[in-house]
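Engineer: Sequence first, then the predicted structure:
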Amino acid sequence: MIGKGLLKGLGITFKHGKEKNITVQYPEVMPYLQERYRGCLEFDPKDCIVCGMCIKACPNNVLSLESAAMPGSKKKQLVSYTIDLQYCMFCNLCVEACPTNTLYFTHHFELSTAERGAIKRIYTPAPGTPVADGESEAVIIPPEALADQVDTEAEAKRLKQVQAMKGAISKGNSKVLAKFVDSEEDASLLLIILQGDEKKQDKMAALMIDDKDKARKVATAFVAKEKRDKAKSEEGKQ
Amino acid sequence: METIFINIEEFLTSWMVGMGLAQPWADLIITILQWTIIVLIITVNTIVLVWMERKVSGFIQERIGPNRLGPFGAFQTIADTLKLLTKEDIVPARADKLIFKTAPMFFIIVSVMLYAVLPLGNNMAVVDLNVGLFYFISLASLSTICLLMAGWGSNNKWSLLGAMRSVAQMISYEIPLVFSLLGVVMIAGSLNLTDIVTAQNRVWFIILQPVAFIIYFIAATAELNRGPFDMPEAEQELTAGAYTEYTGMRWALFFLAEYTNLVAVSVLAATLFLGGGHGPWLPSWLWIIIKTYLIMLVFMWTKWTFPRIRMDHLLSFSWKVLIPVSLANILVTGAGIELFRWMGW
């Protein structure tokens, strides 16, 4: 019979009217997400070993990090980690690259923000969290404190060196001075000058550690002056 | 209840005459009032119908449809109307401005004029015209020109294609539409819609003219440019056909006119085939509303069930199937009338 298919179609749509709706009322009912759904990219600062593999893996330059050297070791510690999610294409390459599963996708997908800048996520590890390398007892130090610590250490090291230099001078070791003047003769002359004057000795030792060029100039000047004085006194005798 | 609106009208007329107004002036004011009410009915109907269409399509597609604003999303269309009213009115720079701007106006005027002869209850037609059906059909075909104006004036190839399609389709389907109505007219022996309703006192014409009703239904769907015959709009191919360049209230006027036509065609179907205001217990105007809404539900049901038909199939279906069948229907009806007359009924 002609039109049988049409009636069948009408019957199907009529039945659909009675069936349960498949609509999910989103804001009230959250959608079901598969286990490996790629929502927002998250970062866990306490697991990061600052290897930078994620940054190398990212095709869109979404990721960037700031690191600082840890005191007393070659290892780095994390200062801040930035995910600029607006460029992210959720390709999963950084997550695959990460050796410590620090980066991972969550099921959070409501990423809209009121301002453009707010989509950028910056993670700074809290001071005191252990550094993730598995061995040392080191903890994350806040960047300002880290800078201070580096300063005091360097200062101590310098003082030590200056002390050693002073010791060498007072002991009469002219070899250390030979680098700053032109000849052995001048070196021994400089040694005599420095041994005679405590102030000059301190200044010279500090300069020799901090600024070698300046130390050379000063040393040369000292020697030249001493030579002139000698020449004058000899003239006077004559 | 039956004569409530007629009583109100008579009361108003007598009150105005009693206030010292001449009879012709009172009639004029009543006519203006009637048209205002018709426009109001059309607007309210459109708001309800858009909501109904979205709900029906939602149910058919196992969705919910509008459900945010008001109970069951009932106020959604009102919000949409407000949005359309406040939208920017864009007229394309290269458009034929006069035609572009007047097309929606003519469309809505033509659609509203259809209601002049429709009896929305016993003795409730604005004009009791003795060639009412003829008037209705001739006005209904005018909307073709309005669509062509819109398509041509937009200066857009999609619009023009849509307009051309609508012209081809509407002119083709005009013929089976008129032929299907001819059977009813032959039985009733009148072109006056009120007389046709009276002729259905004993039996509705859908029983005497089932083939004519089906042909009328199909042809009317095509005339309304509704799915599955919505080739002129065809969102997927022509973006929106003749309406592509229209925005805001101009576009809304087209929409309003479409739904106005839908109501008019459904009222005509109820009047010609489903006995008009005839029915037990309820007043006639309520029966008309119920029947009209039932027919419109079927229109929506078919729209959201069937996929769009191809243009050449559409035209060949009209010329090769509907017109011969409707002609045969006229022949059978005429023969039947003669036969019954000969038998002495």
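Structural biologist: Perfect, I can see it now.

Engineer: CA only for contacts and neighbour counts going forward, please
Structural biologist: OK.

Engineer: Would you mind naming what in chain A lies close to chain B?
Structural biologist: Counting by C-alpha under 8 Å from any C-alpha of the partner chain, chain A comes close to chain B at A:6, A:9-10, A:13-23.

Engineer: Could you rerun that using 10 Å?
Structural biologist: Near chain B, the residues belonging to chain A are A:6-25 when assessed by C-alpha under 10 Å from any C-alpha of the partner chain.

Engineer: Could you list the low-pLDDT ranges of chain B?
Structural biologist: Counting by pLDDT under 70, chain B contains low-confidence ranges at B:1, B:345.

Engineer: picking that back up, from the residues of chain A next to chain B, which land in helices?
Structural biologist: A:6-18 (DSSP state H).

Engineer: just the CA coordinates of the strand ranked longest in chain A, formatted as CSV?
Structural biologist: Counting residues, the longest strand found in chain A (DSSP state E) is strand A:76-84. Extracted C-alpha coordinates of strand A:76-84, given in CSV (Å, rounded to 0.1, in the frame of the first residue of the first chain):
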residue,chain,number,x,y,z
LYS,A,76,67.2,22.7,40.8
GLN,A,77,64.2,23.7,42.7
LEU,A,78,60.9,25.1,41.3
VAL,A,79,60.2,28.8,41.7
SER,A,80,57.0,29.0,39.6
TYR,A,81,55.2,26.9,37.0
THR,A,82,52.9,28.5,34.4
ILE,A,83,50.2,26.8,32.4
ASP,A,84,48.7,29.3,29.8
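
Engineer: Check for me that residue A:67 belongs to a helix.
Structural biologist: No - counting by DSSP: H, G, I helix; E, B strand; the rest coil, residue A:67 is located in no helix; its state is strand.

Engineer: Can you pick out the most distant pair from the ones in helices among the residues of chain A next to chain B?
Structural biologist: Maximum pairwise distance in those, criterion C-alpha to C-alpha, is 19.2 Å, between A:6 and A:18.

Engineer: For the stretch 151-300 of chain B, just list every one of the helices.
Structural biologist: B:157-188, B:193-199, B:205-208, B:210-223, B:235-238, B:248-272, B:284-305 (DSSP state H, counting those that start in this stretch).

Engineer: could I get those helices as TSV with mean neighbour count?
Structural biologist: TSV is the format used below for these (neighbours: other C-alpha atoms under 10 Å in any protein chain shown):
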stretch	mean neighbour count
helix B:157-188	22
helix B:193-199	22
helix B:205-208	18
helix B:210-223	22
helix B:235-238	13
helix B:248-272	23
helix B:284-305	20
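
Engineer: Endpoint to endpoint, stretch A:76-92 covers what distance?
Structural biologist: Stretch A:76-92 has an end-to-end distance of 25 Å (C-alpha to C-alpha, to the nearest Å).

Engineer: Likewise for stretch B:13-29?
Structural biologist: Start-to-end, stretch B:13-29 (C-alpha to C-alpha) is 9 Å.

Engineer: Outside of that stretch itself, list whatever touches it.
Structural biologist: By C-alpha atoms under 10 Å, 6 or more residues apart in numbering or on different chains, the residues outside stretch B:13-29 that reach it are B:7-12, B:30-35.
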